[in-house]
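S.K.: Sequence isn't available, so here's the structure alone:
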């Protein structure tokens, strides 16, 4: 069977978890209506199932190809992108002033959920274009916006972001690409960038690169970085395409997964003239503009994990229902049964379904909070912004870590057949691996959560978030639905684990014991994700019951996750509070002396 968009699960996450209905009522969703939500999500499902999903395996098998400085995308992709842009998907959340639809980020993420499940390598390029539009709109001059945004919003052109250099990966302060000012207000860029997604391709006539570089008098480190808009092709005075800029694609990477998405090495100034660019934002404050783009991209990467995990789950479920092997324990004779009837396979499949549900819940909650923060004012806006800040690293890292677990289970359910490329399930495992790496590795997300987000408002942000979780857990307890089992009790214990671990880390930060805090950063992020995700899906199921009958399947899934996964928070709490000493002792004996 082909991919089927999980519309019921998406609707639940939109309405019962992220409270889209409340956002509409509060005026935080523009002129969005229930009917429009259903129409947009339904059309995304149709486009994903009928157009993008059939190209997924082709993209993996054939991949992007590079020759003579040009990149050719897999068969059918150029035509699919033409239809994708014509349907208006590139401008879903873009400003109406430049031809966009100005819809909420939450709705965009639901669409991304479907498109990533359909074809993650294809949709990655559009994801970056959306982020670039956001950055240019926020930081660009009126002239830059008027000149470049309309055709980026329409999808006639695409965009990239250029950060990484061969000698400077996550350490952006070490970058060397330079930008020399010219009397006409433009700049000439010289340097090399690597791992640039869709840096070159054949699906659009122009590619707008957002490039981080240093001015001649820039201070050292990350405080000396500026951002520049550098197009593949320059524009004539009338806005038509002009000469090719002094930049080139030097090659594409041969990767483990996402084969259809070209990952390019970009050369700026290979002819010696320098690539013409325009500064976006203020001098030496380029990271501020770039991180606006990156933070939104990080939630989108979390949705990449959700989407690919969903596709892998469906593939494994279909196989488990069809594949017959073995007989029930204790029963002699008779026919073999589908492997879906074996408890170990059941555990794999239900575990996959639950991981997808909590990941989707966290990502949607983060997107919904950003919509509320942008629509709110004063203290209300500050509270929503704090929630976005806390949830962004969790949405990115927790969701993509769980995607690896889900895709691994999908291969395992297939047994030996899963190790064979022809069955198709291995692609999801390979594709998902990069999500934990790009847009800031998951280790960096954990560092961000502990070092930057926990201290917000002197710890007030995380305290307020804990109260939000407590209110949601109370909602589960007050439902008095016996089908929830011990869900509320376990979630209360998990929240206590989270609270104790949070206090411990904040104490370490106040004492200046940063390495001790960082030693617990990754387990803390997972503790945060388990508690938050488990609470969100359980409260969503309880909230659904207030308007009628809770879905028995959703209540059962929330109970399963609480009783089989959330209990890990106790050991994670111990790792956070007591694990640093043993880690550093082992490091001294094994790594430092090895």
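M.R.: Structure received. Since the structure is predicted, the reported quantities are computational estimates derived from the model, not experimental observations.
S.K.: Report the buried residues of stretch 379-386.
M.R.: 382, 383, 384, 385, 386 (16 or more other CB atoms under 10 Å). (Glycine included, C-beta is placed from N, CA and C.)
S.K.: list the contacts for the residue lying closest to residue 336 once chain neighbours are set aside?
M.R.: In space, and not counting its chain neighbours, residue 336 is closest to residue 324: 4.2 Å by CB to CB, 6 or more residues apart in numbering. Neighbouring residues of residue 324 by CB atoms under 8 Å, 6 or more residues apart in numbering: 335, 336, 337, 338, 339.
S.K.: Can you select the buried ones among those residues for me in PyMOL?
M.R.: Buried subset of those, written as a PyMOL selection, criterion 16+ other CB under 10 Å:
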select buried, resi 339
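S.K.: Closest one to residue 62 out of the contacts of residue 324, please.
M.R.: residue 339 (31.9 Å; CB to CB).
S.K.: so who does the closest one touch?
M.R.: Residue 339 is in contact with 320, 323, 324, 325, 326, 345, 413, counting by CB under 8 Å, 6+ apart.
S.K.: So what's the residue count around the second one?
M.R.: As a burial measure, the neighbour count of residue 323 was computed by other CB atoms under 10 Å and equals 17.
S.K.: how close does the closest residue to it other than its chain neighbours sit to residue 319?
M.R.: Of all residues not flanking residue 323 in the chain, residue 339 sits nearest, at 5.1 Å (CB to CB, 6+ apart). For residue 339, the distance to residue 319 equals 8 Å [CB to CB, to the nearest Å].
S.K.: got any residues that touch both of those two?
M.R.: Taking CB under 8 Å, 6+ apart as the contact rule, residue 339 and residue 319 both touch residue 413.
S.K.: Quick check: residue 556 is in a helix.
M.R.: Yes: per DSSP: H, G, I helix; E, B strand; the rest coil, residue 556 lies within a helix segment.
S.K.: That one: what's it in contact with?
M.R.: Applying CB under 8 Å, 6+ apart to residue 556 gives the contacts residue 483.
S.K.: How about residue 396?
M.R.: Residues near residue 396 by CB under 8 Å, 6+ apart: 298, 299, 301, 302, 439, 440, 442, 445.
S.K.: now do residue 259
M.R.: Residue 259 neighbours (CB under 8 Å, 6+ apart): 59, 60, 61, 62, 63, 64, 121.
S.K.: ditto for residue 234
M.R.: 241, 242, 243, 244, 245, 276.
S.K.: Dump those residues into TSV; add secondary structure as well.
M.R.: Compiled in TSV, the contacts of residue 234 are given as follows (three-state DSSP):
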residue	secondary structure
241	strand
242	strand
243	strand
244	strand
245	coil
276	strand
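S.K.: Filter the residues you listed down to the buried ones, ChimeraX style.
M.R.: Those of these that count as buried under 16+ other CB under 10 Å are selected in ChimeraX with:
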select :245,276
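S.K.: Include pLDDT when you put the contacts of residue 234 into CSV, please.
M.R.: Listed next are the contacts of residue 234 as CSV, based on pLDDT from 0 to 100:
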residue, pLDDT
241, 97
242, 97
243, 97
244, 98
245, 98
276, 98
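S.K.: So what's the gap between the host helix or strand of residue 297 and the chain middle?
M.R.: Residue 297 belongs to helix 286-322 when elements are defined using DSSP states H and E. Offset of helix 286-322 from its chain centre (CA atoms, centre = their mean, to the nearest Å): 5 Å.
S.K.: pLDDT of it, averaged?
M.R.: Across helix 286-322, pLDDT averages out at 94.
S.K.: Repeat that for stretch 371-385.
M.R.: 91.
S.K.: just stretch 226-239 next, same as before
M.R.: Mean predicted lDDT for stretch 226-239 stands at 97.
S.K.: which strands and helices sit next to the helix or strand that residue 432 is a member of?
M.R.: If you go by DSSP H and E, residue 432 is part of helix 425-432. Contacts defined by 3 or more CB pairs under 8 Å, 6 or more residues apart in numbering; DSSP states H and E place helix 425-432 against helix 56-62, helix 286-322, helix 378-413.
S.K.: deepest of those helices, which one?
M.R.: Mean neighbour count (mean count of other CB atoms under 10 Å) peaks for helix 286-322 among those, with a mean of 25.
S.K.: and which of the contacts of residue 339 is nearest to residue 215?
M.R.: Of all the contacts of residue 339, residue 215 sits closest to residue 413, with 54.1 Å by CB to CB.
S.K.: which residues touch that closest one?
M.R.: Remark: with contacts taken as CB under 8 Å, 6+ apart, residue 413 is in contact with 316, 319, 320, 339, 345, 348, 349.
S.K.: For residue 184, state which of the residues you listed is nearest.
M.R.: residue 316 (58.2 Å).
S.K.: longest single strand anywhere in the protein?
M.R.: The single longest strand within the chain, with elements called by DSSP state E, is strand 187-197.
S.K.: what element comes up after that strand heading to the C-terminus?
M.R.: Downstream of strand 187-197, the first helix or strand assigned by DSSP H and E is strand 207-213.
S.K.: I would like the residues contacting the helix or strand immediately after that following strand in the chain, please.
M.R.: Scanning forward in sequence from strand 207-213 by DSSP H and E, the next helix or strand is strand 226-231. Strand 226-231 is contacted by residues 135-136, 139-140, 144, 148, 162, 179, 187, 189, 206-215, 218, 245, 247, 268, 275-287, 289-290 when judged by CB under 8 Å, 6+ apart.
S.K.: run the last query once more with 6 Å
M.R.: With contact meaning CB atoms under 6 Å, 6 or more residues apart in numbering, strand 226-231 is reached by 179, 187, 189, 206, 208-213, 215, 245, 275, 277-281, 283-284, 286, 289-290.
S.K.: Just the buried ones from the residues you listed, in PyMOL syntax?
M.R.: Command for PyMOL that selects the buried part of the contacts of strand 226-231, burial taken from 16+ other CB under 10 Å:
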select buried, resi 179+187+189+206+208+209+210+211+212+213+215+245+275+277+278+279+280+281+284+286+289+290
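S.K.: Report the beta-bridge partners for the residue nearest to residue 336.
M.R.: residue 338 (DSSP bridges).
S.K.: residue ranges with poor pLDDT in the stretch 101-250 of the chain?
M.R.: Confidence mapping of the stretch 101-250 of the chain against pLDDT under 70 gives the ranges 169.
S.K.: what does the stretch 401-550 of the chain give?
M.R.: In the stretch 401-550 of the chain, residues with pLDDT under 70: 547-550.
S.K.: where do the helices sit along it?
M.R.: In the stretch 401-550 of the chain, the helices defined using DSSP state H, counting those that start in this stretch lie at 425-432, 442-447, 460-478, 487-510, 514-519, 521-546.
S.K.: can I get those in a markdown table with mean neighbour count and distance to residue 19?
M.R.: Shown next, in a markdown table, are these (neighbours: other CB atoms under 10 Å; distance: least, CB to CB, whole Å):
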| stretch | mean neighbour count | distance to residue 19 |
| --- | --- | --- |
| helix 425-432 | 25 | 29 |
| helix 442-447 | 21 | 25 |
| helix 460-478 | 17 | 11 |
| helix 487-510 | 20 | 19 |
| helix 514-519 | 18 | 33 |
| helix 521-546 | 25 | 9 |
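S.K.: nearest to residue 194, of those helices?
M.R.: helix 442-447 (17.6 Å).
S.K.: Double-check that residue 267 belongs to a helix.
M.R.: No: Residue 267 is assigned strand when assessed by three-state DSSP, not a helix.
S.K.: Output the buried residues of stretch 379-386 in a markdown table, with distance to residue 459 appended to each entry.
M.R.: Formatted as a markdown table, the buried residues of stretch 379-386 follow (distance: CB to CB, whole Å):
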| residue | distance to residue 459 |
| --- | --- |
| 382 | 15 |
| 383 | 14 |
| 384 | 18 |
| 385 | 16 |
| 386 | 11 |
